[in-house]
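Asks: Predicted structure and sequence below. I'll ask about it afterward.
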Amino acid sequence: MNYFFITGSSKGLGKSLTELILNDENNTVYGIARSSSIQHDRYIHANLDLSRLDEVEAFQFPSLNDADKVVLVNNAGMVGDVKHVGKINNQKIIEAYNLNLIAPAILVNNFVAAYSNSVNEKMVLNISSGAGRTPIDGWNVYCSTKAGMDMFSQVLKEEVKIDDSNIKVLSLAPGIIDTNMQVQIREAEESDFSNIERFIEYKKGGDLTSPAITAQQVLRFIEEDELSTNVICSVRDLTE
């Protein structure tokens, strides 16, 4: 049996990826989110608020005696306040760093501790963003947390090599997806985000990718070995 742990499984990309993975009878999914919208015999829900670090620390990865493969997908994230520095709500900064960077780091740490010596095939797939690789005004917190995720993933890969723990590591930018995050971005003030018109045009022009299509692209990175050679990657790397 293959086991997948997916954060943010209740909506958007996380939900679409969960549903897609469950189409294979050899897969079981542990969804990690504040709520559940999936009913399935091979779906197990862990009710966690990932912005609350005490809850994240308390989560325990289960013993998986029949596991052929285990995969952790750190998908949950938030854009936070779309405002210039000096105008951001400090509590929103804390929540975004907790959810986007600190919680995933804790989960990866515990995942590696739980399975590095007990399961043959393992993968950590962190959903990053092109925003972590390009500065965007108004997205200071989001860009910096995603950049942090990229570096965390690169260091983890170096450690995996040294420890010979046979864990594939990816930090994957999924492109621009038609989710609630995009709604929030389009509602920002132009004085807080100079490129807002471009994102409004993405929606009007049909340039946003559906979560279902993006889930298919993400699954390819999980399943196709040739796509997991570079830690820093993007769905734009796909040629077909």
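Replies: Sure, I can see it.

Asks: Spell out the secondary structure type for the residue located most distally from the centre of the chain.
Replies: Farthest-out residue of the chain from its mean C-alpha position, per CA atoms, centre = their mean: residue 191, at 29.0 Å. Under DSSP: H, G, I helix; E, B strand; the rest coil, residue 191 falls in the coil class.

Asks: Got the confidence number for it?
Replies: Per-residue pLDDT puts residue 191 at 88.

Asks: Equivalent analysis for residue 240, please.
Replies: At residue 240, pLDDT is 65.

Asks: Now do the contacts for residue 213.
Replies: Residue 213 makes no contacts at all, as judged by CB atoms under 8 Å, 6 or more residues apart in numbering. All C-beta atoms are positioned from the backbone trio N, CA, C, and that covers glycine.

Asks: and the helix or strand harbouring it, which residues are buried?
Replies: Element membership for residue 213 (DSSP states H and E) is helix 211-223. The neighbour-count check on helix 211-223 (16 or more other CB atoms under 10 Å) flags 211, 214-215, 217-219, 221-222 as buried.

Asks: ok, residues contacting the longest helix belonging to the chain?
Replies: In the chain, assigned by DSSP state H, the helix with the most residues is helix 140-163. By CB under 8 Å, 6+ apart, the list of residues contacting helix 140-163 from outside reads 74, 77-81, 84-85, 88, 92-93, 96-97, 100-101, 104-105, 108, 112, 116, 124, 126, 128-129, 131-136, 166-167, 169-171, 231-232.

Asks: Stretch 145-155: which residues count as buried?
Replies: Under 16+ other CB under 10 Å, the buried positions of stretch 145-155 are 145-150, 152-153.

Asks: For those residues, could you give me CSV that also reports distance to residue 226?
Replies: Below are these laid out as CSV (distance: CB to CB, whole Å):
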residue, distance to residue 226
145, 29
146, 25
147, 26
148, 27
149, 23
150, 21
152, 24
153, 19
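
Asks: out of those residues, who's nearest residue 66?
Replies: Comparing those against residue 66 with CB to CB places residue 153 closest, at 28.1 Å.

Asks: quick one, helices of this protein?
Replies: With DSSP H as the criterion, the chain has helices spanning 12-21, 53-58, 90-97, 103-115, 140-163, 180-186, 196-204, 211-223.

Asks: which residues touch the first one?
Replies: With CB under 8 Å, 6+ apart as the contact definition, helix 12-21 has outside contacts at 4, 6-9, 27, 29, 31, 33, 37-38, 43, 73, 75-76, 127, 174, 177, 179-181, 210-212, 214-216, 218-219.

Asks: by how many degrees do it and helix 211-223 diverge?
Replies: Between the axes of helix 12-21 and helix 211-223, defined by axes from the mean of the first three to the mean of the last three CA atoms, to 10 degrees, the angle is 60 degrees.

Asks: how far out from the middle of the chain is helix 12-21?
Replies: Its chain's C-alpha centre and that of helix 12-21 lie 11 Å apart, by CA atoms, centre = their mean, to the nearest Å.

Asks: low pLDDT regions in this structure?
Replies: Scanning the chain for pLDDT under 70 picks out 240.

Asks: Quick one: residues contacting the most centrally placed residue in the chain.
Replies: Nearest to the mean C-alpha position of the chain, counting by CA atoms, centre = their mean, stands residue 75 at 2.1 Å. When contacts are counted by CB under 8 Å, 6+ apart, residue 75 touches 6-9, 13-14, 17, 127.
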